[in-house]
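Build me a structure from this.
(one chain, ligands or ions: 2)
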Amino acid sequence: PNNSMKSPNRQFSAGNGIVNVDALATKRKALAQHRKSLPIASVENRLIEEVRKHDTLIIVGETGSGKTTQLPQFLFNAGFSGDGKVIGVTQPRRVAAMTVAKRVAEECGGNLGQKVGYSIRFEDVTSSSTRIKYMTDGLLLREALLDPYLSRYSVIIVDEAHERTVQTDVLLGLLKNVQDARSKSLNNLQNTKNQKTNDDMQSKENGAQGFRFLKQYQGRTPLKLIIMSASLDAKIFSEYFGGARAVHIQGRQFPVDIFYTHHSIQDYLDASLTTILQIHLEEGPGDILVFLTGQEEIESAERLVKERLKQLPENSQKLVAVPIYSSLSSEHQMRVFAPAPPGFRKVILATNIAETSLTISGIKYVVDPGFVKARYYDPNKGLESLVVVPVSKAQALQRSGRAGREGPGKCFRLYPEDQFGKLEDSTKPEIKRCNLSNVILQLKALGVDDITGFDFIEKPSRSAIVKSLEQLFVLGALTDDCKLSNPVGIQMARLPLDPIYSKALIVASEFNCLEEMLISVAMLSVESIFFNPRDKIEEVRTAQKSFASPEGDHLTLVNVYRASNEFLEKRSGLSKEKREKAFRKWCKDNFIHSRSLTNARDIHRQIRGHVEQMGLRITSCGDDVLQFCRCLAASFFLNAALKQPDGTYRALANGEVVSIHPSSVLRNRPECLIYNELVETSRKFIRNTTRIDFLWLTELAPQFYAMQN
Ligand code: ADP
Ligand code: MG
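Ligands and ions are numbered 1, 2, ... in the order given. Below is the predicted model of the structure:
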């Protein structure tokens, strides 16, 4: 015990399984102290008052002031989760929902999944005793399908509303309706109840009905709605909610020195590494936060940091790189919060998740290349792509702010100063730049038929709505009059997947290859299965040979998945740790991202469950590869491309010129192919491609190809 008093943070459970009470108490105390020191702590009573007074409240406060972790606890303590009701908190990102829930469970001194839990697509860590529930905005939208009044919730907090993800925007519209409906039904019921009581006194036979009625009434309380945002501009939310009250929480921000480069930079990944090492060697203590655009970039940076460290002099301070991005497993996610080991400086390689969703303590230096990966949609072409684009001024400011949370800091922007002036003021809401078919299908399933008439906080363009309706129609989800009343559409809406993937599963059950399609969809749902280090292309190809299918990437992914199954089954006798270690090695040897593959295996299990529940037949086409390829054509006909004389491809649905991504196993340039993703970097690349026969398209998707002639 004495020993543990000295290092309360690192050891609170003794090796022999006996809980070290002293250390636990110390840790509790430290947590309580931390909570008290947060800017939001001093306004607890005022906030609770505001929530009591107003059904809708907007809370604006700087990142790190304690909104996400503290407010739900304040509400709980003030009794807002009485009667078994739940305080729901939505987040645009899975990682935020998970890590914050973990933190709050710890602060409450209980196990995750008890009083505090989280629920995200493919993972539900809640129980009947959960009172504070963190979840993604998309998940709450799905819950509304089963419980239109969201009657389990007394309060719903829409967090990170400034991010304006498409799911947040739709959720705001939905919540506005639900809140309205709940108040109305409450008033009506109140009136009828008074009436009923009089009637009941006159006629005892009405007793049973009166009971049923009472039960219904008790289930419905008004819905408290809290919109939280890190952007200082609360006007748009306030206006949308009929002039709702907005309160500001004073933050704490130390000065941050901003540095720019002299010239524009070609390779920002390389420049980031140089900057990291420069900070490490020349600046005082403090951790570094680097903003990159995605998993692949982060993983290469992680590798490169390790390599360059080897060149450092022996006796210099050490550096440890910690990645954080959405598809990281939860145990890895929590590592960013752990303090660096003594003698180490921590460099966090993050996506824009660390911009406002997560606050990591200890950061003094920010490296900001100034880019973010975003979805873009061209409704005229029906073309959605992932593009790396410059951040907005608001984002750049949020990022630099991360360096000044605990003391003065420095931010290194990897672009010249005049470039900053040219950035957009704020990011365009996602709903204005994404394919809407997913949203429309969800809204239709929720009973919103008139999409253009829906009360969006900002309306998507008419052309985007029309194009997406058209797409749902050719996928067979909607009837001629754009109604969701056919069995295929209803099944599609039930699956927690992009409509095109839901459709693929339904089609595959008819083609007798649902087993293969389930694997494909799971593998396509993670960022990238194979490593593609630029300097090791040949080694990767050799390693991939044993999986590669001449037909293309989809069957290759199926082969990888099955090989992983076989590998794990053979080692089923080993302990969990040994098996996992062997698995990681196997992945490494084969240039496979073990984290991605593990995620994909998880997702597979979940979608399989959904599909079984729906009663679809899961069968395999066995060696009949042709059957599977035909099924891919029938499913992904919207993403078909035809070879041109110059060797590039033309996407049939929109005439776009595209090239096969270098990571594809398809090398012999087939005449016709389907793909699953379009990424735009220096060129427009299509990823995950499989060769098909052009004639299959008119045979299997006449509704589209006959129309296009
Ligand atoms: P806000 O939502 O206002 O940005 P948060 O409630 O997320 O603020 O964070 C408040 C404080 O809690 C921050 O100082 C942050 O460092 C700390 N914190 C949040 N999550 C964790 C975690 N998982 N581990 C350790 N500290 C955390
Ligand atoms: Mg927050």
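
what's the residue of the stretch 451-600 of the chain found nearest ligand 1 sitting at in phi/psi?
Closest residue of the stretch 451-600 of the chain to ligand 1, C-beta to the nearest ligand atom: R595 (19.4 Å). No exception for glycine: its C-beta is placed from N, CA and C like everyone else's. With angles defined as degrees, to the nearest 10, R595 sits at phi -60, psi -40.

and it, how many residues sit next to it?
Residues lying near R595 (other C-beta atoms under 10 Å) number 20.

wait, isn't it in contact with H332?
Yes. Counting by C-beta atoms under 8 Å, H332 is a contact partner of R595 at 7.2 Å.

one step back: tell me who's in contact with the residue of the stretch 451-600 of the chain closest to ligand 1.
S327, L328, S329, H332 (C-beta atoms under 8 Å, 6 or more residues apart in numbering).

Just the buried ones from those?
The neighbour-count test (16 or more other C-beta atoms under 10 Å) marks S327, L328 as buried among the contacts of R595.

from the contacts of R595, which single one is nearest E384?
The closest of these to E384 turns out to be S327 (C-beta to C-beta; 19.6 Å).

Could you look up the SS state of I157?
Of the three states, I157 takes strand according to DSSP: H, G, I helix; E, B strand; the rest coil.

contacting residues around it?
L71, P72, I87, G88, V89, T90, I226, I227, M228.

ok, now L319?
I276, H280, V305, L309, F344, R345, K346, V347.

wait, is it part of a helix?
No. Going by three-state DSSP, the assignment for L319 is strand, not a helix.

what are the bridge partners for it, then?
R345 (DSSP bridges).

And it, how far from ligand 2?
Distance from L319 to ligand 2, counting by C-beta to the ion, to the nearest Å: 28 Å.

just H661 next, same as before
Going from H661 to ligand 2 by C-beta to the ion gives 36 Å.

Quick check, that residue in contact with R687.
Yes. Counting by C-beta under 8 Å, H661 does reach R687; the two are 4.4 Å apart.

Now the common contact residues for those two.
Common neighbours of H661 and R687 (C-beta under 8 Å, 6+ apart) are V679.

So for those two, which sits in the more crowded spot?
H661 (21 against 18).

In space, what's closest to K643 - neighbours in sequence excluded?
Spatial nearest neighbour of K643, excluding adjacent residues (C-beta to C-beta, 6 or more residues apart in numbering): E671 at 5.1 Å.

residues contacting the one you found?
Applying C-beta under 8 Å, 6+ apart, we find E671 in contact with L642, K643, R691, F694.

Not counting the helix or strand where E44 lies itself, show me its contacts.
E44 belongs to helix 44-53 when elements are defined using DSSP states H and E. Applying C-beta under 8 Å, 6+ apart, the contact partners of helix 44-53 are 40, 57, 59, 70-71, 74-75, 78, 80, 155, 224, 226, 245, 247.

Helices - which of these land there?
Using DSSP state H, the subset of those located in helices is Q70, L71, F74, L75.

Which ones among those residues also lie next to ligand 1?
Among those, proximity to ligand 1 is found for Q70 (C-beta under 6 Å from any ligand atom).

so which of the ones in helices among the contacts of helix 44-53 comes closest to V439?
Distances from V439 to the ones in helices among the contacts of helix 44-53, taken by C-beta to C-beta, are shortest for L71, at 27.7 Å.

my guess is that closest one contacts I226, does it?
Yes. L71 is in contact with I226 according to C-beta under 8 Å; the separation is 7.2 Å.

who touches both of those two?
Common neighbours of L71 and I226 (C-beta under 8 Å, 6+ apart) are I59, I157.

Distance check, the one residue in the stretch 151-300 of the chain that gets nearest to ligand 2 against ligand 1.
Residue nearest to ligand 2 within the stretch 151-300 of the chain: D159 (5.7 Å; C-beta to the ion). To ligand 1, D159 is 7 Å away according to C-beta to the nearest ligand atom, to the nearest Å.

contacting residues around that residue?
K67, T68, V89, T90, Q91, A96, M228.

For the last one, report the pLDDT, please.
At M228, the pLDDT value in this model is 96.

P222 contacts S185, doesn't it?
No. P222 lies out of contact with S185 (C-beta under 8 Å); the separation is 10.0 Å.

Settle it for me: which of these two has more neighbours?
S185 (16 against 13).

Surely the more buried one is in a helix?
Yes. Checked against three-state DSSP, S185 lies within a helix.

any weak-confidence spans in this protein?
Counting by pLDDT under 70, the chain shows low-confidence ranges at 1-20, 189-220, 534, 707-709.

Give me the phi and psi angles of A640.
phi -100, psi 150.

filter the contacts of helix 44-53 to the buried ones?
Here, 16+ other C-beta under 10 Å leaves 40, 57, 59, 70-71, 74-75, 78, 80, 155, 224, 226, 247 buried among those.

just the residues you listed now: which is nearest ligand 1?
Among the buried ones among the contacts of helix 44-53, Q70 lies closest to ligand 1 (C-beta to the nearest ligand atom), at 5.7 Å.

how about stretch 482-501: buried residues?
For stretch 482-501, using 16+ other C-beta under 10 Å, the buried residues are 482, 484, 488-489, 491-501.

Let me fix that, I meant to ask about stretch 540-555.
So for stretch 540-555, counting by 16+ other C-beta under 10 Å, buried means V540, A543, Q544, F547, A548, S549, E551, G552, D553, H554, L555.

For the fourth one, grab phi and psi.
Taking degrees, to the nearest 10, you get phi -100, psi -30 for the backbone angles of F547.

Leaving out chain neighbours, which residue sits closest to it?
F547 sits nearest to N559 (C-beta to C-beta, 6+ apart), 4.3 Å away.

Wait, the one you found touches P550, no?
No. Contact criterion C-beta under 8 Å: N559 and P550 do not qualify, at 11.4 Å.

interface residues of the stretch 501-650 of the chain facing ligand 1?
Counting by C-beta under 6 Å from any ligand atom, the stretch 501-650 of the chain has no residue next to ligand 1.

out of the buried residues of stretch 540-555, who's nearest L478?
H554 (26.7 Å).

Doesn't the closest one lie inside a strand?
No. Read with three-state DSSP, H554 is helix and lies in no strand.

Can you give me the neighbour number for the residue in the stretch 451-600 of the chain that ligand 2 sits nearest to?
Nearest residue of the stretch 451-600 of the chain to ligand 2 (C-beta to the ion) works out as I457 at 19.7 Å. I457: 20 surrounding residues under other C-beta under 10 Å.

right, and the pair among the contacts of helix 44-53 with maximum separation?
Greatest spatial distance in these: Q70 and R245, 19.4 Å, computed using C-beta to C-beta.

So what's the residue count around the residue in the chain that ligand 2 sits nearest to?
In the chain, no residue comes nearer to ligand 2 than T68, which is 3.2 Å away by C-beta to the ion. By other C-beta under 10 Å, the residues close to T68 number 29.

Distance of it relative to Y705?
Separation of T68 from Y705 (C-beta to C-beta, to the nearest Å): 49 Å.

ditto for D455
For D455, the distance to Y705 - C-beta to C-beta - is 37 Å.

What is the burial count for the residue of the stretch 351-500 of the chain found nearest ligand 1?
Residue nearest to ligand 1 within the stretch 351-500 of the chain (C-beta to the nearest ligand atom): T359, separated by 3.8 Å. When neighbours are counted by other C-beta under 10 Å, T359 registers 19.

What are the buried residues along stretch 669-676?
Of all the residues in stretch 669-676, those buried under the rule 16+ other C-beta under 10 Å are P670, C672, L673, I674, Y675, N676.

Fine, thanks again, bye for now.
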